[in-house]
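In: Quick check, what structure comes out for this input:
(chains A and B)
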Amino acid sequence: MNMEELNQDELAIIGKLRTLPQAQQKAISVSGESFTEWLKTNVPLVWDKVSGYIDSLWQWFKSAL
Amino acid sequence: MFSKQNPSFPEHHKSFEKMRGLLGDTDFRKLRRLVEDELKKPPRVAVIGKSGVGKSTTINALFGLDEKVSHTTHGTTEEKQQTIDLPEGGKLSVVDMPGLGEDIELDRQYQEIYRRVLPEADVVLYVIQADLKALSDDQEILREIVQNIMGHLKGRLVIGLNQVDRMSPGTWNTRFNYPSPEQEDNIHRRCHNIQDNLSDALGIKVDQVEYYSASKRYRLYELLSAVIKSAGKVGWKLPINPSDAIELADEEVREFLRKEIV
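Out: Have a look, this model is predicted:
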């Protein structure tokens, strides 16, 4: 199958479906923000030390689950 | 949990090791234990809606639970709570609330359950059926929740519009498992209409109505983002593992779709 075989409606649908990775990324990002809030509130001493590395910590945390 | 010795995120590895050095082994172990302990406490998601709106289907699709949450029997006067062990670690607690709108006397009993359960929930998902025009029952239930039960907890309420695949003109594209452009326009209009309607009825600004179809797995990431956000500081404990929409497209186009949307 290739793009030339699609009708106008289907081309429009493909365009919309391409936003799926952004929607997925947004969910991950919102989850990361929530983790940051939890760290700030529940482990303030750790937060002070790791605030500059939060992305790395979050990536490690998610990959280690 | 936390068993992998070599996490697969090379771009973050150097930065991560620097952070680990800053913390030191003792503090790092403490942090790890804290996260693990926190994950043992399941985030609590309460789901409300009239009978037949697809509450259980929504929870199963939203968290990729493979039908672990089953349907509540109609007319039950108990909430149904389940704690689920998530495949990727952690737990999830789901409270499937009895559906309102079947019987006046039962509704009174349900409201008591709502008063008891909802304030303890981390996030409350209210599900509306997209293809039903009448909103009066939903307005009444939501008014009760917003004005008399949740009060200052309004930020924890997510309003979801389910079963949008059934909306007029009924031209869901089954080949690609996606609404036709015409149907999608109608969905947007319906959403704005509900938003305005509920804002007027509840006397608060309803910022967003998340439209989706649990059975078609359409817009689950968007709904999940709203749920995680509304769960606040415990939102990170919710799994990001909604059911895969492309699996429901025609077999002959699945591979094509996966290539096209990367």
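
In: Helix or strand next in line after the helix ranked longest in chain A, which one?
Out: Longest helix in chain A, counting residues (DSSP state H): helix A:20-42. Counting by DSSP states H and E, the next helix or strand C-terminal to helix A:20-42 is helix A:44-50.

In: if we can go back for a sec, would you indicate which residues of the longest helix of chain A are buried?
Out: For helix A:20-42, burial by neighbour count (16 or more other CB atoms under 10 Å in any protein chain shown) applies to A:20, A:23-24, A:26-28, A:30-39. Using the backbone N, CA and C atoms, a C-beta is placed for each residue, glycine as well.

In: What parts of the stretch 151-262 of chain B come near chain A?
Out: B:173, B:175-176, B:178, B:180-181, B:184, B:219, B:221-222, B:224-225, B:228-229, B:231-236, B:238, B:240, B:245, B:252-253, B:256-257, B:260-262 (CB under 8 Å from any CB of the partner chain).

In: Which single helix of chain B contains the most residues?
Out: Longest helix in chain B, counting by DSSP H: helix B:10-40.

In: what about that helix, average pLDDT?
Out: In this model, helix B:10-40 has a mean pLDDT of 81.

In: For the residue in the stretch 1-150 of chain B that chain A sits nearest to, give me its contacts.
Out: Closest residue of the stretch 1-150 of chain B to chain A, CB to the nearest CB: B:Met19 (3.5 Å). B:Met19 is in contact with A:Lys49, A:Val50, A:Gly52, A:Tyr53, A:Ser56, A:Leu57, counting by CB atoms under 8 Å, 6 or more residues apart in numbering or on different chains.

In: Of these, keep whichever come out buried.
Out: Of those, these count as buried by 16+ other CB under 10 Å: A:Val50, A:Tyr53, A:Ser56, A:Leu57.

In: check contacts around the first one.
Out: Taking CB under 8 Å, 6+ apart as the contact definition, A:Val50 lies against A:Leu39, A:Leu57, B:Met19, B:Leu22, B:Leu23.

In: related to what we said a few turns ago, mind checking which of the residues of the stretch 151-262 of chain B next to chain A are in helices?
Out: Going by DSSP H, the helices hold B:181, B:184, B:221-222, B:224-225, B:228-229, B:252-253, B:256-257, B:260 from these.

In: Taking those together, which two end up most distant?
Out: Pairwise distances across those (CB to CB) peak at 37.0 Å, for the pair B:Lys229 and B:Glu252.

In: Settle it for me: which of the two has more neighbours?
Out: Using other CB atoms under 10 Å in any protein chain shown as the criterion, B:Lys229 and B:Glu252 rank with B:Lys229 on top: 18 against 9.

In: so what's the more buried one closest to, chain neighbours aside?
Out: Nearest residue to B:Lys229, sequence neighbours excluded (CB to CB, 6 or more residues apart in numbering or on different chains): A:Val30, at 5.1 Å.

In: Look at residue 56 and tell me its secondary structure.
Out: No chain specified, so I'll use chain A. helix (DSSP: H, G, I helix; E, B strand; the rest coil).

In: wrong chain, I was asking about chain B
Out: helix.

In: Low-confidence regions, the stretch 101-250 of chain B specifically.
Out: B:101-102, B:151-154 (pLDDT under 70).

In: List the buried residues in the worst-scoring helix or strand of chain A on mean pLDDT.
Out: Every helix and strand of chain A was ranked by mean pLDDT, DSSP states H and E. The lowest is helix A:54-64, at a mean of 73. With burial defined by 16+ other CB under 10 Å, the residues of helix A:54-64 counted as buried are A:Ile54, A:Asp55, A:Ser56, A:Leu57, A:Trp58, A:Gln59, A:Trp60, A:Phe61, A:Lys62, A:Ala64.
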